[in-house]
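Colleague: Just to be clear, the model below is a prediction. Sequence and coordinates:
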Amino acid sequence: MIIRFLLDKGKGPILSVDADSNSNLNEILGVEIKSTIGETREVMKKDVPVGMTTDIWFEYKVQEALTEAKGFDLIAI
């Protein structure tokens, strides 16, 4: 894994993006994801909280989907 290689070489912080339709990079990296951008997109089609603009709500959900770990962050699309 290139991410592990970069971490071993002291490079970082690294933003890892799992854009595969079969998201499993989190398993390889040993972290757990709470949600994905795809899940957020589906929820956004039908349920944006009252009193919150779509862009602010989406930004909140992206931050929620971001998994932070030592030396790298991961976001699953």
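Modeller: Sure thing, it's come through.

Colleague: Tell me the buried residues in the longest helix belonging to the chain?
Modeller: Scanning the chain for the longest helix, with DSSP state H as the assignment, gives helix 54-65. By neighbour count on 16 or more other C-beta atoms under 10 Å, the buried set for helix 54-65 is 57-58, 61, 65. Backbone N, C-alpha and C define where each C-beta goes, glycine included.

Colleague: Low-confidence stretches in the protein?
Modeller: Nowhere does the chain drop to pLDDT under 70.

Colleague: quick one: the strands in it?
Modeller: Ranges of strands within the chain are 14-18, 67-69, 72-76, based on DSSP state E.

Colleague: Could you check how far the longest helix of the chain is from the centre of its chain?
Modeller: The chain centroid and the centroid of helix 54-65 are separated by 11 Å under C-alpha atoms, centre = their mean, to the nearest Å.

Colleague: Dump it to CSV, restricted to CA.
Modeller: What follows is helix 54-65, C-alpha atoms only, in CSV (Å, rounded to 0.1, in the frame of the first residue of the first chain):
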residue,chain,number,x,y,z
THR,A,54,-28.2,22.5,1.4
ASP,A,55,-24.6,23.6,1.1
ILE,A,56,-24.1,23.9,4.9
TRP,A,57,-25.8,20.6,5.5
PHE,A,58,-23.6,18.9,2.9
GLU,A,59,-20.5,20.4,4.3
TYR,A,60,-21.5,19.1,7.8
LYS,A,61,-22.1,15.6,6.3
VAL,A,62,-18.7,15.6,4.5
GLN,A,63,-17.0,16.4,7.8
GLU,A,64,-19.0,13.7,9.5
ALA,A,65,-17.8,11.2,6.8
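
Colleague: returning to what we had before: Serialize the strands of the chain to a markdown table and add fields for distance to residue 48 and mean neighbour count.
Modeller: Formatted as a markdown table, the strands of the chain follow (distance: least, C-beta to C-beta, whole Å; neighbours: other C-beta atoms under 10 Å):
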| stretch | distance to residue 48 | mean neighbour count |
| --- | --- | --- |
| strand 14-18 | 24 | 15 |
| strand 67-69 | 23 | 15 |
| strand 72-76 | 20 | 20 |
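
Colleague: Quick one: closest of those strands to residue 6.
Modeller: strand 14-18 (5.8 Å; C-beta to C-beta).
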